[in-house]
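# Sequence first, predicted model second:
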Amino acid sequence: MRGGRFGSLAASPTLVGAVTVLVVVVAVFLSYQANQGLPFVPTYKLSAQIPNANTLVPGNEVRIGGIRVGQLKEIEPVSQPDGSVSAEVSMELNQDLEPLPEDSTLIVRSRSALGLKYLEIQRGNSQNGYQPGETIPLTAARPEPVEIDEVFNTFDASTRDAVQANLLEFGNALAGRGSNLNAAIGELRPLVERLEPVMRNLAAPDTGLSRFVSALSAAAAEAAPVAEIQGQLFVDLETTFRAFADVARPYIQESISRSPETEDVAIETLPRIRPFLANTAVLFSELRPGFHAFAPVSKQAAQAVVLGTKAMRIAPAFNAQLDPTAQSLLNLSNDPTSREGIRDLTTFSNVLSPPLSFITPVQSVCNYATIALQNLSSIVSFGDGLGTNQRAIVLQEPTGPNGEVGPSSAPASGGEDPSNFLHFNPYPNTASPGQDRECEAGNEVYAPGQVAIGNVPGNQGIATRGQIQDQTKKKKGKGK
């Protein structure tokens, strides 16, 4: 029964054809979807920015360590803030890669000599990873490696001619020198024997040569973006060294040869001058406020330096006279008569100093000596043909008790005449030591209706007749 049932199915051409067509359709669908990823399989989607997506197309593989882990879905151009244009690729990766470490890097590599490319991911070691849908920044992209066709393009016609010329000259250099080469190879044996332990040490795991090479590779990758700047740096260094070549001998050579002696002296003296340097640092830190205060008068100081320079030019002649002048002063000091005179002058100065301390402000502050001389001059400057006379004003003295017209038993203090009040200041203030700074003589304010004996209350100022005239002239001069 069963055999008959299966036999009846196989014997039906229509059923066999339908099954065959279904299998073929499924196979074609799966083949088409193989490049786009198998259906109903979860993926880990990321985007990444790369400098250049030239020759990359959707469907190219994404590999890690040479193993396919995904494919490219879309490629779009992206404008950067600096105006440059890069590319952004969308990737569908195997879900077991989630999350991809943040320190992972990308590089576009060739898959074949026909120009087919793939995107290789160098997986990092960071604990943080990219979440689905995030974009790997442009900083994670590495420069595109050099292709074989680019290497072949370096051998252009001029380069090929130069290579031929080099090979010809190398052949001429080696021709007829076989015995010398044999001798050189024989001499290399001791070198190889000594090189063996060196290479063994380099190959040992403790040496860390692999880490060193990896670090060099990482350093070269970091330096690649600034290769042009480094190239310009070497060009500038070549210009600098060419300038040094003109003074290399004997100047730079002597500087290098004398450097050991200089270093020895520095080693010996630097510890001694260290306190001086420390004190100098403290000094300049304390002088900093003074420098700030000096800034407003820096122009005047510069002008003083200019004038001082002129003075210094004539200083030698002045200095030449200092020696004989000092010798004359020494002779004068050694003379007994001169010493006696100096002692007398010192005594005279000591005696005169106290009264001068009181007399000096009388003139320097109050101008009283000048006013007195003007008054004396006016006495002899007025008169007639018979002689000079002194101007005088007849005043009617006030009347009342104890008036000035007769004897009195007390100071005048009123009466019928309201001006019959005594005003007398025997010792007016003249800005002398111990007194108020005022010129009271001749400036006392009249206090009507009361007796005023002694210093007038309040400060009368230091303006006198001569000073007022001088100040008026100054003000008029400024007005002009």
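Arrived safely, thanks for sending.
# Name the spans of the chain whose pLDDT lies under the cut-off.
Along the chain, the parts satisfying pLDDT under 70 run over 1-17, 21, 24-41, 112-115, 143-150, 382-396, 466-480.
# so what are the domain limits for it?
With domains defined by automatic domain parsing, the chain comprises 35-151, 167-207, 364-383+412-480.
# in a strand, that's where Tyr44 is, yeah?
Yes. The assignment for Tyr44 (DSSP: H, G, I helix; E, B strand; the rest coil) places it in a strand.
# And the strand ranked longest in the chain, what does it pack against?
Criterion DSSP state E: the longest strand present in the chain is strand 67-79. With contacts defined as 3 or more CB pairs under 8 Å, 6 or more residues apart in numbering; DSSP states H and E, the packing partners of strand 67-79 are strand 43-50, strand 61-64, strand 85-94. The way it works is simple: take the backbone N, C-alpha and C, and place the C-beta from them, glycine included.
# Of those strands, which is nearest Met199?
Closest to Met199 of the helices and strands packed on strand 67-79 is strand 61-64 (CB to CB; 33.1 Å).
# May I have the strands that pair with the closest one, each with its orientation?
For strand 61-64, sheet partners with direction are given as strand 67-79 (antiparallel), strand 117-122 (parallel), following DSSP bridges.
# Ok, which of the ones you listed comes nearest Asp417?
strand 67-79 (109.3 Å).
# What are the buried residues along that closest one?
For strand 67-79, burial by neighbour count (16 or more other CB atoms under 10 Å) applies to 69-73.
# Distance check, the nearest residue to Asp417 once chain neighbours are set aside against Glu416.
In space, and not counting its chain neighbours, Asp417 is closest to Pro398: 4.0 Å by CB to CB, 6 or more residues apart in numbering. Distance from Pro398 to Glu416, counting by CB to CB, to the nearest Å: 9 Å.
# These two: which is more packed in?
Higher neighbour count among Pro398 and Glu416: Pro398, with 17 against 9, using other CB atoms under 10 Å.
# so what's the more buried one up against?
404, 412, 415, 417, 419-420 (CB atoms under 8 Å, 6 or more residues apart in numbering).
# among these, which ones are buried?
Buried by 16+ other CB under 10 Å: 412, 420, out of the contacts of Pro398.
# circling back to that earlier point, okay if I get the helices and strands packed on strand 67-79 as CSV plus distance to Thr154 and mean neighbour count?
Formatted as CSV, the helices and strands packed on strand 67-79 follow (distance: least, CB to CB, whole Å; neighbours: other CB atoms under 10 Å):
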stretch, distance to Thr154, mean neighbour count
strand 43-50, 25, 20
strand 61-64, 28, 18
strand 85-94, 26, 18
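# Would you format those strands as CSV with distance to Leu233 included?
Supplementary listing: these in CSV, determined by distance: least, CB to CB, whole Å:
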stretch, distance to Leu233
strand 43-50, 28
strand 61-64, 36
strand 85-94, 27
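# Nearest to Leu119 among these would be which one?
When the helices and strands packed on strand 67-79 are compared (using CB to CB), the closest one is strand 61-64, at 4.9 Å.
# can you dump the C-alpha coordinates of the closest one into PDB?
Taking C-alpha atoms only, strand 61-64 is exported to PDB below (Å, rounded to 0.1, in the frame of the first residue of the first chain):
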ATOM      1  CA  GLU A  61      32.500  42.200   2.800                       C
ATOM      2  CA  VAL A  62      33.400  43.300   6.300                       C
ATOM      3  CA  ARG A  63      36.200  41.200   7.900                       C
ATOM      4  CA  ILE A  64      37.900  40.800  11.200                       C
END
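# any idea of the angle the longest strand of the chain forms with strand 85-94?
Going by axes from the mean of the first three to the mean of the last three CA atoms, to 10 degrees, strand 67-79 is angled at 150 degrees with respect to strand 85-94.
# from now on call the first residue 25
Noted, 25 is the first residue going forward, which turns the last one into strand 91-103.
# Residues in a beta bridge with the residue lying closest to Pro101 once chain neighbours are set aside, which ones?
Leaving aside its chain neighbours, Pro101 sits nearest to Val109 (5.5 Å; criterion: CB to CB, 6+ apart). For Val109, the beta-bridge partners are Ser103 (DSSP bridges).
# Show the contacting residues for Val109.
Val109 neighbours (CB under 8 Å, 6+ apart): 101-103.
# Quick check: the gap between it and Thr67.
Going from Val109 to Thr67 by CB to CB gives 28 Å.
# got it, and Phe176?
If you measure Phe176 against Thr67 using CB to CB, the figure is 39 Å.
# for Leu124, same thing?
Distance from Leu124 to Thr67, counting by CB to CB: 13 Å.
# What of Ala302?
Applying CB to CB to Ala302 and Thr67 gives a distance of 69 Å.
# Do a quick rundown of the helices in the protein.
26-34, 37-58, 172-177, 181-198, 202-227, 233-247, 251-269, 277-281, 283-318, 322-358, 360-388, 392-403, 489-503 (DSSP state H).
# What helices and strands are in contact with the fifth one?
Right, helix 202-227. Looks like helix 202-227 contacts no helix or strand (3+ CB pairs under 8 Å, 6+ apart).
# Can you give the distance of it from its chain's centre?
The gap between where helix 202-227 is centred and where its chain is centred comes out at 56 Å by CA atoms, centre = their mean, to the nearest Å.
# got the buried residues for it?
Under 16+ other CB under 10 Å, helix 202-227 has no buried positions.
# State the distance from the closest residue to Thr67 other than its chain neighbours to Gly148.
Nearest residue to Thr67, sequence neighbours excluded (CB to CB, 6+ apart): Glu116, at 4.2 Å. Here Glu116 is placed at a distance of 20 Å from Gly148 (CB to CB).
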